[in-house]
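>>> Sharing a model prediction with you, sequence too.
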Number of protein chains: 2
Amino acid sequence: MIGFNNGKYEQLENINIPITSLSINRGYGAFEFFQIINGKPFYGERHLARLKNTLKELRIFTEFENELPQIIDNSILKNKLNDCYIKIFVLPHSADNVANYSGSLYVFPTEMPVYDDALYKNGGSLLLRNYQRDMPLAKSTSYLFGQFMQNDCFETNAIEVLYYNGTTIQETVRGNIFIVRNGFVHTPFNNVLKGITRSIVIDILKENSYQFTEKEITIEELFAADEVFITSTTKNVMPIVEIHKHTIVNGNPGEMTQQIMREFQKVKELYNLS
Amino acid sequence: MIGFNNGKYEQLENINIPITSLSINRGYGAFEFFQIINGKPFYGERHLARLKNTLKELRIFTEFENELPQIIDNSILKNKLNDCYIKIFVLPHSADNVANYSGSLYVFPTEMPVYDDALYKNGGSLLLRNYQRDMPLAKSTSYLFGQFMQNDCFETNAIEVLYYNGTTIQETVRGNIFIVRNGFVHTPFNNVLKGITRSIVIDILKENSYQFTEKEITIEELFAADEVFITSTTKNVMPIVEIHKHTIVNGNPGEMTQQIMREFQKVKELYNLS
């Protein structure tokens, strides 16, 4: 596989960063991640807009910012990949200018695990942890706690950890959460990274005249929900039927969740045909 | 300069890590850092004990754990350096085993900025931020927020950011804090990384029969303190005379702080002669 190494296209296994890099020592860097469908970035403009926002939030710049769409296209073409995922990092190697970090740009294809069909049919489970991500509006490389929690997920067969602040829920380690209650769909909006899959689902809800609001969701509202689902680039729309040993209603994916899953699948299929 | 690259001694500029490393993508890694004085690690055993604790906390192992003292000695000898700093990273490159990450070991010398004498004579200032470090008992590479705050420090001429949880103070981005009040010396002990300089200062306090306790310190106690100082591997013992525009007493380093600074300097000088 071939990746972009801050100016050159190289074999991915030859792309390295110096051990002295600030991005290693301080876990400081911008991250973006999206799917390639039929050779095209799925909602690439939204991912690029979010990356630009992350760079602004973290005060990192890359000299290649304006060339990013072309670099992404080249990275796809050179690998002759129609269906894969792309990771982008912008990593500062030095702390010389803390008001405006000079970042090196890395773009490369990656494979991702495919989730079991049974999870979409039967629903998955979440663990709850009291935690607030640092600088949640930036998609950074800072995931220490989330990565550490992967073992708890593994041991309890949970698909993700859901963060709450003691009162309200925010987001999962790598995705967003939605609840359905009394016919209304809700998702948190404060102190969360607003995922691109989240934004596509919101488009679907609006286009299909669902009753939808972004609002704070308490733990009590979560446990009293009629339906729960999560969204992420790799998981798409996934029903959740258990949270911290608490079963959501009868433990089956809800009707509205299944409708939204079908609508989301249609968006992907249309993209594939376009 | 020569460093240890998980099994080989190599020129530092040739030591790299793969862009696909988990340690980059998830900001996940163990970190240790100490001073070499007269060719010997200053309190090297305590730093190694802390590194072992960090590895345990983060569930990372290195096949070189038992050889670490020899690897550190070799890294000093091969560089013919009598006085420098050493950085150690143990970085997992894959998430294959989240219950026991296989980490690669990196050991290399580094130079550090020397702080202006005026800071020790006149005292420095701190900024306050409401923040709790992730997994504070581990010295990890997770410093996103602290690194981001370096710009606020730069703009306000502050030496460090002090973290508090809304009620009590914890630690600075890269060090520990002590206050003196009514003849007693106090330092926080909950949810802080217990620095090696902190431990040496505690030894000094006990040996010299200071009245000392580890305890929770509220913001009000901090502002009402007679003296404040911080400790870190690079800053040693540094007096603090201003916190978030609030001046500590008359804005001069306190008498007990100066005594402790002298005692700490003696410890370093004795180490240099030994």
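Thanks, I have it.
>>> Kindly provide the whole-number mean pLDDT of stretch A:129-144.
Averaged across stretch A:129-144, pLDDT comes to 96.
>>> Flag every buried residue along it.
A:129, A:131-136, A:138-144 (16 or more other Cβ atoms under 10 Å in any protein chain shown). Every residue, glycine included, has its C-beta placed from N, CA and C.
>>> Is there any residue in it that contacts chain B?
Yes - with Cβ under 8 Å from any Cβ of the partner chain as the measure, stretch A:129-144 is seen reaching chain B through A:134-135, A:140-144.
>>> in chain A, what residue sits furthest out from the centroid?
residue A:96 (30.4 Å; Cα atoms, centre = their mean).
>>> the longest helix in chain A is where?
Ordering each helix of chain A by length in residues (DSSP state H) puts helix A:255-273 first.
>>> list the buried ones in that one?
Within helix A:255-273, the residues that count as buried by 16+ other Cβ under 10 Å are A:256-258, A:260-261, A:263-264, A:267.
>>> could those be laid out in a markdown table, adding pLDDT?
Below are those laid out as a markdown table (pLDDT from 0 to 100):
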| residue | pLDDT |
| --- | --- |
| A:256 | 98 |
| A:257 | 98 |
| A:258 | 98 |
| A:260 | 98 |
| A:261 | 98 |
| A:263 | 98 |
| A:264 | 98 |
| A:267 | 97 |
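>>> Does residue A:50 touch residue A:32 like I think?
Yes - applying Cβ atoms under 8 Å, one finds residue A:50 in contact with residue A:32, separated by 6.6 Å.
>>> what sits in contact with each of the two?
Common contact partners of residue A:50 and residue A:32 (Cβ atoms under 8 Å, 6 or more residues apart in numbering or on different chains): residue A:139.
>>> and residue A:120, what does it touch?
Residues near residue A:120 by Cβ under 8 Å, 6+ apart: A:238-239, A:253, A:261.
>>> Go again with 10 Å.
Counting by Cβ atoms under 10 Å, 6 or more residues apart in numbering or on different chains, residue A:120 touches A:235-239, A:253, A:257-258, A:261, A:265.
>>> farthest pair in the residues you listed?
Spanning the widest gap among the contacts of residue A:120 are A:235 and A:258, at 15.2 Å by Cβ to Cβ.
>>> of the contacts of residue A:120, closest to chain B?
Taking Cβ to the nearest Cβ as the measure, chain B lies nearest residue A:235 of the contacts of residue A:120, at 16.5 Å.
>>> that older thread, list every C-alpha atom in the longest helix of chain A, with coordinates, as PDB.
The C-alpha coordinates for helix A:255-273 follow below in PDB (Å, rounded to 0.1, in the frame of the first residue of the first chain):
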ATOM      1  CA  GLU A 255     -38.700  -0.200  14.900                       C
ATOM      2  CA  MET A 256     -37.500   3.400  14.300                       C
ATOM      3  CA  THR A 257     -33.900   2.300  14.600                       C
ATOM      4  CA  GLN A 258     -34.400  -0.300  12.000                       C
ATOM      5  CA  GLN A 259     -36.100   2.300   9.700                       C
ATOM      6  CA  ILE A 260     -33.100   4.600  10.100                       C
ATOM      7  CA  MET A 261     -30.700   1.800   9.500                       C
ATOM      8  CA  ARG A 262     -32.500   1.000   6.200                       C
ATOM      9  CA  GLU A 263     -32.500   4.700   5.200                       C
ATOM     10  CA  PHE A 264     -28.800   5.000   6.000                       C
ATOM     11  CA  GLN A 265     -28.100   1.800   3.900                       C
ATOM     12  CA  LYS A 266     -29.900   3.400   1.000                       C
ATOM     13  CA  VAL A 267     -27.700   6.500   1.200                       C
ATOM     14  CA  LYS A 268     -24.600   4.300   1.000                       C
ATOM     15  CA  GLU A 269     -26.100   2.300  -1.900                       C
ATOM     16  CA  LEU A 270     -27.000   5.400  -3.800                       C
ATOM     17  CA  TYR A 271     -23.400   6.700  -3.200                       C
ATOM     18  CA  ASN A 272     -22.100   3.400  -4.600                       C
ATOM     19  CA  LEU A 273     -24.100   3.800  -7.800                       C
END
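>>> ok now that helix, how far from the chain's centre?
Offset of helix A:255-273 from its chain centre (Cα atoms, centre = their mean, to the nearest Å): 18 Å.
>>> Likewise for stretch A:227-246?
Distance, centroid of stretch A:227-246 to centroid of chain: 13 Å (Cα atoms, centre = their mean).
>>> That stretch near chain B at all?
No - interface with chain B: stretch A:227-246 contributes nothing (Cβ under 10 Å from any Cβ of the partner chain), its closest point being 13.5 Å away.
>>> all strands of the stretch 51-200 of chain A, in order?
Secondary structure of the stretch 51-200 of chain A (DSSP state E, counting those that start in this stretch): strands located at A:60-61, A:84-92, A:101-110, A:124-130, A:160-164, A:168-172, A:176-181, A:184-187.
>>> CA atoms only for the second one, dumped as PDB, please.
Yep, that's strand A:84-92 we're talking about. The C-alpha atoms that make up strand A:84-92 are tabulated as PDB, following Å, rounded to 0.1, in the frame of the first residue of the first chain:
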ATOM      1  CA  CYS A  84     -11.300   0.800   2.000                       C
ATOM      2  CA  TYR A  85     -10.800   3.400   4.700                       C
ATOM      3  CA  ILE A  86      -8.400   6.300   4.700                       C
ATOM      4  CA  LYS A  87      -6.600   7.700   7.800                       C
ATOM      5  CA  ILE A  88      -5.300  11.200   7.900                       C
ATOM      6  CA  PHE A  89      -2.900  12.500  10.500                       C
ATOM      7  CA  VAL A  90      -1.400  16.000  10.800                       C
ATOM      8  CA  LEU A  91       1.300  15.700  13.400                       C
ATOM      9  CA  PRO A  92       3.600  18.400  14.900                       C
END
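>>> That strand and chain B in contact?
Yes - using Cβ under 10 Å from any Cβ, strand A:84-92 reaches chain B at A:87, A:89, A:91-92.
>>> and that strand, what other elements does it pack with?
strand A:2-5, helix A:22-25, strand A:30-37, helix A:44-58, strand A:60-61, helix A:68-79, strand A:101-110, helix B:22-25 (3 or more Cβ pairs under 10 Å, 6 or more residues apart in numbering or on different chains; DSSP states H and E).
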